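Participant: can you look at this prediction? I've put the sequence above it.
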Amino acid sequence: MVRAEDRRKSPRLPVEGAVRLTSGGTSTTGRLRDLCRDAALVEVEAVQALGAFVTLAVELPDGPIEVSGQVIRLAQGDEGRHGAAVLFSDVPAESAHRIESLLAGQAARKE
């Protein structure tokens, strides 16, 4: 059996930040829980549909980014929030560079 962690294209690290998730013209706020080059786990106030296409506005330490993707997994969040794993489908080059820089810095601090 292949574990979800083994299928990931890139390592995931815990990253905190505010998010706004928009789907079908409806937005909800929440928190970023972890991040990798091609996906994020967020906890939001409104339940999301599995398979929904969404836009995430994420507040990173060096400023906001916006990425699009699809909800690929649902999970129970903390304090009544709802977890959603979002696989990115559209990451602007500058945003990708900023995500990679953030993750490299996080990984270096863990060593």
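Facilitator: Perfect, I can see it now. Numbers count the residues shown, from 1 in each chain.
Participant: CA only for contacts and neighbour counts going forward, please
Facilitator: OK.
Participant: ok, Asp38 - how many residues close by?
Facilitator: Residues contacting Asp38 under the criterion other C-alpha atoms under 10 Å number 21.
Participant: pretty sure it contacts Pro11?
Facilitator: No - if you go by C-alpha atoms under 8 Å, Asp38 and Pro11 don't touch, sitting 9.4 Å apart.
Participant: so which elements touch the longest strand belonging to the chain?
Facilitator: Longest strand of the chain, by residue count under DSSP state E: strand 63-76. Helices and strands touching strand 63-76, by 3 or more C-alpha pairs under 8 Å, 6 or more residues apart in numbering; DSSP states H and E, are strand 53-60, strand 82-90, helix 93-110.
Participant: which residues does it contact?
Facilitator: 48-59, 82-92, 95 (C-alpha atoms under 8 Å, 6 or more residues apart in numbering).
Participant: mind listing what it pairs with, with the direction of each?
Facilitator: Strand 63-76 has its sheet partners listed here by DSSP bridges as strand 53-60 (antiparallel), strand 82-90 (antiparallel).
Participant: residue contacts, the nearest residue to Gln70 once chain neighbours are set aside?
Facilitator: Spatial nearest neighbour of Gln70, chain neighbours left out: Phe53 (4.4 Å); criterion: C-alpha to C-alpha, 6 or more residues apart in numbering. Listed by C-alpha under 8 Å, 6+ apart, the contact partners of Phe53 are Ser23, Ser68, Gly69, Gln70, Val71.
Participant: who does the last one form a beta bridge with?
Facilitator: With DSSP bridges applied, Val71 shows beta-bridge pairing to Val86.
Participant: from Ile99, how far off is it?
Facilitator: With distances taken as C-alpha to C-alpha, to the nearest Å, Val71 is found 19 Å from Ile99.
Participant: now Val19
Facilitator: Counting by C-alpha to C-alpha, the gap from Val19 to Ile99 is 14 Å.
Participant: and these two? Which one has more around it.
Facilitator: Between Val19 and Ile99, counted using other C-alpha under 10 Å, the more crowded position is Val19 (24 against 19).
Participant: how about the more buried one, secondary structure?
Facilitator: Using DSSP: H, G, I helix; E, B strand; the rest coil, the structure places Val19 in strand.
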